[in-house]
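Enquirer: only geometry, no sequence info:
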Ligand code: NDP
């Protein structure tokens, strides 16, 4: 019997996370899709995967909440002994000029991205190390490097993700676990609804937004054995912006 391979994608209910879940299913993984509240969207992701003959399940928890995350991870590990691939994709924006930014908007973006990374990655990597295999990919953003007005909270969180991943990669490199980051540019999802798309396109060398699938294919590559000597890297999928 073929061994079951399991991938966990946080925020897999919509947008980039959904495309990653579909792509990993096509690569042969059983996909655990997590979400925060949008159960209908999560069900849609599952339906998409199942319509292609893949296997998937959905789990609801807030990655920013330590006890919710711990309970969800325990539940997942009671059903799956091993997770080979983790994609930290859940993320939010709460833009505003720094001088006017509320403490709440600062905290919630940092918590979702960085506490979320901690809450999910730690238990998964502890097990990956025991199994001497695994790949972690976290979704950062071109905003981590570019200095986008109104995104001090988001940039701090997303560059923190790169730094944490790079550090973690050095700690587990000899233990069979690879840790990388994908930093997308502007991708056509609900997250950028309301953004001034025409003006944005002018600053993208390729002159267009990216598609969620274009990010997902890079994630799939990074998780695959084709990327077996690649760790501690941030790959920018941004049409040439950074
Ligand atoms: P969407 O807003 O379309 O989807 C966000 C996903 O994250 C949803 O599945 C949502 O769940 C989930 N989520 C949000 N907060 C939490 C939380 N606290 N706990 C668990 N799940 C949560 O975003 P995108 O698909 O556009 O973005 C995905 C990732 O890519 C994010 O990290 C984002 O920062 C990053 N990114 C996006 C870019 C873009 O242009 N779109 C550019 C660069 C990076 P639910 O459906 O339940 O709300």
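Expert: That came in fine, so what should we check first? Here the structure is a predicted model, which means the values were calculated and not measured. Numbers count the residues shown, from 1 in each chain.
Enquirer: quick one, what contacts residue 170?
Expert: residue 232 (CB atoms under 8 Å, 6 or more residues apart in numbering). Just so you know, the C-beta spots here come from the backbone N, C-alpha and C atoms, and that holds for glycine as well.
Enquirer: what about stretch 144-164 and the ligand, touching?
Expert: No. Under the criterion of CB under 6 Å from any ligand atom, the ligand is not reached by stretch 144-164; the shortest gap measures 6.8 Å.
Enquirer: quick one: the nearest residue to residue 189 once chain neighbours are set aside and the ligand, what's the gap?
Expert: Among residues not flanking residue 189 along the chain, residue 15 sits closest, at 3.4 Å (CB to CB, 6 or more residues apart in numbering). Between residue 15 and the ligand the computed distance is 2 Å (CB to the nearest ligand atom, to the nearest Å).
Enquirer: lowest-pLDDT helix or strand in this protein?
Expert: Using mean pLDDT, DSSP states H and E, helix 197-202 stands out as the lowest-scoring helix or strand of the chain, at a mean of 89.
Enquirer: ok, then the element right after it?
Expert: For helix 197-202, the following helix or strand on the C-terminal side (DSSP states H and E) is helix 212-223.
Enquirer: what is the mean pLDDT for that following helix?
Expert: Rounded to a whole number, the mean pLDDT of helix 212-223 is 98.
Enquirer: what of stretch 67-84?
Expert: Averaged over stretch 67-84, pLDDT sits at 97.
Enquirer: next one: stretch 113-128
Expert: 98.
Enquirer: got a list of what the residue nearest in space to the middle of the chain touches?
Expert: Nearest to the mean C-alpha position of the chain, by CA atoms, centre = their mean, lies residue 89 at 1.9 Å. Neighbouring residues of residue 89 by CB under 8 Å, 6+ apart: 9, 10, 11, 12, 16, 17, 20, 138, 139.
Enquirer: how much space separates the residue nearest to residue 20 when sequence neighbours are not counted from the ligand?
Expert: Using CB to CB, 6+ apart and skipping the chain neighbours, the partner closest in space to residue 20 is residue 216 (4.5 Å). According to CB to the nearest ligand atom, residue 216 stands 10 Å off from the ligand.
Enquirer: how about the longest strand along the chain: buried residues?
Expert: In the chain, assigned by DSSP state E, the strand with the most residues is strand 177-184. Within strand 177-184, the residues that count as buried by 16 or more other CB atoms under 10 Å are 177, 178, 179, 180, 181, 182, 183, 184.
Enquirer: now do stretch 183-198
Expert: The neighbour-count check on stretch 183-198 (16+ other CB under 10 Å) flags 183, 184, 185, 186, 187, 188, 189, 191 as buried.
Enquirer: report the secondary structure state of the last one.
Expert: In the three-state summary, residue 191 is assigned as helix, counting by DSSP: H, G, I helix; E, B strand; the rest coil.
Enquirer: make residue 1 into 6 and carry on from there
Expert: In the new numbering, first residue 6, that becomes residue 196.
Enquirer: how about the contacts made by the residue nearest to residue 194?
Expert: 192, 194, 195, 196, 217.
Enquirer: could you restrict these to the ones contacting the ligand?
Expert: 192, 194, 195, 196.
Enquirer: how many other residues sit next to the residue nearest to residue 25?
Expert: 25 (other CB atoms under 10 Å).
Enquirer: which residues touch it?
Expert: So residue 221 contacts 21, 24, 25, 27, 28 (CB under 8 Å, 6+ apart).
Enquirer: how close does the third one get to residue 56?
Expert: So the one you mean is residue 25. For residue 25, the distance to residue 56 equals 17 Å [CB to CB, to the nearest Å].
Enquirer: which residue ranges of the chain form strands?
Expert: 11-14, 35-40, 61-65, 90-93, 139-144, 182-189, 239-242.
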